[in-house]
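*Asks:* Take this sequence and fold it.
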Amino acid sequence: MADQARNGVLFSDDPSPLSATAAWQAAQAWRCQFVADASHELRTPVAGLRVELEEALMHPEQTDLHELATRALRSVDRLESIVDDLLALASVRSGRTEQHEDVDLSDLVRRVLQRRSDRLPVRSRLTPGVIVRVAPLQIVRVINGLLDNAQRHATHGVRVEVHHDGAHAELVVIDDGKGVAKADRERIFEQFRRTDSARGRDQGGAGLGLAIAREIAVAHRGGLEVRETACGGACFTLRLPSLT
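*Replies:* You can find the predicted model right below:
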């Protein structure tokens, strides 16, 4: 079988030393690129914070301490968000995960919706009894990530559905925004990817939200994809193996 690459890592059914070497080289190349991209993302808020503090030291009489602290905390919040994303991605890719449980996906989505306070209304159609075996906190992260993304880009509202599709459970999150260009529908799931629509870059983060969501889906033997709706918005579909 031909070698397959996912996020820069090569997977192969060929056990030969040559194939193993190629896989190792691909993994090393991915790690080097990941470190470079992560360093760049971390450097930006650090540089901004340094400028703020240096200017305050140079001109203390012109510095509003409350305003300075507010701006500094904003930079720290972004740093924390980036670090959290990096740790989450590293955890998923390493195979480390929490205990899996049998859960009703509709109940899980309903609980997430009840805890949120969104700027736009969310309509839901949640089929009961859609049971999946998952690491609940990881799937909650995916649900929140898809809802955050939809809220950022929606114009009037968001729709959420959970249902069966054959042997799979599907979570569908739909917004009425501008959608995702066909050329970007895979790119937005890449790490640190910036697109014209900014779909791949979560606000204040490092552009890892959708990449992490797909990694989690794949780790659960599922998938995550996006398509265009009839009205031109985006429709994200998380597919997981169903137990019912």
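
*Asks:* and the helix or strand where residue 238 lies, what's its mean pLDDT?
*Replies:* Using DSSP states H and E, residue 238 falls within strand 234-241. For strand 234-241, the mean per-residue pLDDT is 98.

*Asks:* was I right about residue 171 contacting residue 110?
*Replies:* No. Under the criterion of CB atoms under 8 Å, residue 171 makes no contact with residue 110, lying 11.7 Å away. C-betas here are computed from N, CA, C, even on glycine.

*Asks:* which one of these two has more residues nearby?
*Replies:* Comparing residue 171 with residue 110 by other CB atoms under 10 Å, the one with more neighbours is residue 171, at 27 against 15.

*Asks:* which strand residues sit across from that one in the sheet?
*Replies:* Taking DSSP bridges as the rule, residue 171 bridges to residue 162, residue 238.

*Asks:* now it: how far from residue 159?
*Replies:* Distance of residue 171 to residue 159, given as CB to CB, to the nearest Å: 12 Å.

*Asks:* Kindly report the same for residue 179.
*Replies:* Applying CB to CB to residue 179 and residue 159 gives a distance of 14 Å.

*Asks:* And residue 35, by the same measure?
*Replies:* Distance, residue 35 to residue 159, using CB to CB: 39 Å.

*Asks:* Comparing those two, which shows the higher neighbour count?
*Replies:* residue 159 (19 against 10).

*Asks:* Show me what the strand or helix carrying residue 174 is packed up against.
*Replies:* Here residue 174 sits within strand 168-175, counting by DSSP H and E. When contacts are defined as 3 or more CB pairs under 8 Å, 6 or more residues apart in numbering; DSSP states H and E, strand 168-175 sits against helix 105-115, helix 136-153, strand 158-165, strand 234-241.

*Asks:* Now do that strand and strand 234-241, the angle between them.
*Replies:* Angular relation of strand 168-175 and strand 234-241 on a 0 to 180 degree scale: 160 degrees, by axes from the mean of the first three to the mean of the last three CA atoms, to 10 degrees.

*Asks:* buried ones in whichever helix or strand comes after strand 168-175?
*Replies:* As assigned by DSSP H and E, the chain's next helix or strand after strand 168-175 is helix 209-219. By 16 or more other CB atoms under 10 Å, the buried positions in helix 209-219 come out as 209, 210, 211, 212, 213, 214, 215, 216, 217, 219.

*Asks:* do you know how far residue 80 is from residue 87?
*Replies:* Taken as CB to CB, the span from residue 80 to residue 87 is 11 Å.

*Asks:* in the protein, which ranges drop under the pLDDT threshold?
*Replies:* Filtered on pLDDT under 70, the chain yields the residue ranges 1-18, 27, 30, 33-34, 96-97, 192-207.

*Asks:* So which residue is dead centre in it?
*Replies:* In the chain, the C-alpha closest to the average C-alpha coordinate belongs to residue 209, at a distance of 2.0 Å (CA atoms, centre = their mean).

*Asks:* ok, for residue 129, nearest residue in space, not its chain neighbours?
*Replies:* residue 244 (5.9 Å; CB to CB, 6 or more residues apart in numbering).

*Asks:* Pull the number of nearby residues for that neighbour.
*Replies:* Other residues close to residue 244 by other CB under 10 Å number 11.
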